[in-house]
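Engineer: Predicted model and sequence below, questions to follow.
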Amino acid sequence: GDLEIPWDHLVIAAGVQTNYFGNDWESLAPGLKTLEDAHVVRARILDAFEQAEVARVQGDVESIPSWLTFVVVGAGPTGVELAAELHDMVREDVAKLFPPRLTEFVSIKIVDQMDSILSTYDRRISEYATKHFAREGIDMLLNTAVKEVGDGVITLQDRAGGEPYCLPFGVCVWAAGVKPNDLVQQIMEKLPEGSQTNFRALTTDKML
């Protein structure tokens, strides 16, 4: 049956959800907050390589770069770690399962509106990560806003101006923000009147 427990301080540690800021892009650009998310992303990476190999066999070389373009939206800690792990996974693990020539077409890009990756961290950490990414060939599309995410294409725009442009991709992963778990909102709605003002939702951006 129901169990009522009196409390002085209630801590809700139910995790967070990926924040798409009102856009319906989850099916096109999954996040990476749960084990299920990780399975989806991994499956899409393998599928992108398989589609690229089919294109190679069929002589459709022009479509291979699109299939092997991997886009990470968000250059915070989750996005940066994801881009680095994606680089290692693609270059060291997945590439062994497919013809070596396919890796020549692989492109990993990280997109962010700020002018640097890990912008909320100490400048030295940001500079170190930037140099590492440049050395590994990970493209950093900074000062760049996402205007739209479609099926296999993302629309970007330089924040300094210029026309929006389309970037085809094989896999896009969203790491641009988080929001509290729905459970938090449900609990807030059930709290006694007046106590909501004392309720604070603390979120953290951690990658599983």
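Structural biologist: Arrived safely.

Engineer: Phi and psi next, for residue 167.
Structural biologist: phi -120, psi 110 (degrees, to the nearest 10).

Engineer: Any idea what it is bridged to?
Structural biologist: Note on residue 167: beta-bridge partners residue 154, judged by DSSP bridges.

Engineer: That one - how many residues pack around it?
Structural biologist: The tally of other residues near residue 167 (other Cβ atoms under 10 Å) stands at 18. Glycine gets a C-beta too; all of them are placed from N, C-alpha and C.

Engineer: how near is it to residue 184?
Structural biologist: From residue 167 over to residue 184 the distance is 35 Å, taken as Cβ to Cβ, to the nearest Å.

Engineer: Show me the shaky parts of the chain.
Structural biologist: 194-208 (pLDDT under 70).

Engineer: you'd agree residue 110 is up against residue 83?
Structural biologist: Yes: contact status for residue 110 versus residue 83: in contact at 4.7 Å, counting by Cβ atoms under 8 Å.

Engineer: which residues do those two both contact?
Structural biologist: 72, 133, 138 (Cβ atoms under 8 Å, 6 or more residues apart in numbering).

Engineer: By neighbours, which of these wins?
Structural biologist: residue 72 leads the shared contacts of residue 110 and residue 83 on contacts (other Cβ under 10 Å) with 28 neighbours.

Engineer: Kindly confirm my reading that that residue is in a strand.
Structural biologist: Yes: under DSSP: H, G, I helix; E, B strand; the rest coil, residue 72 falls within a strand.

Engineer: what's near enough to touch it?
Structural biologist: Contacts of residue 72 (Cβ under 8 Å, 6+ apart): 79, 82, 83, 86, 108, 109, 110, 111, 172, 173, 175.

Engineer: hmm, who's touching the helix or strand harbouring the fifth one?
Structural biologist: This points to residue 108. Assigned by DSSP states H and E, residue 108 belongs to strand 107-111. Residues outside strand 107-111 that contact it (Cβ under 8 Å, 6+ apart): 65, 68-75, 79-80, 83, 86-87, 90, 117, 133, 137-141, 144, 146, 154, 156, 167.

Engineer: and the residues you listed, which are buried?
Structural biologist: Neighbour-count burial within those applies to 65, 68-75, 79-80, 83, 86-87, 90, 117, 133, 138, 140-141, 144, 146, 154, 156, 167; the criterion is 16 or more other Cβ atoms under 10 Å.

Engineer: Which ones among these map onto strands?
Structural biologist: 69, 70, 71, 72, 73, 140, 141, 144, 146, 154, 156, 167 (DSSP state E).

Engineer: quick one: contacts for the last one?
Structural biologist: Each residue near residue 167 by Cβ under 8 Å, 6+ apart is listed here: 69, 71, 109, 153, 154, 155, 156.
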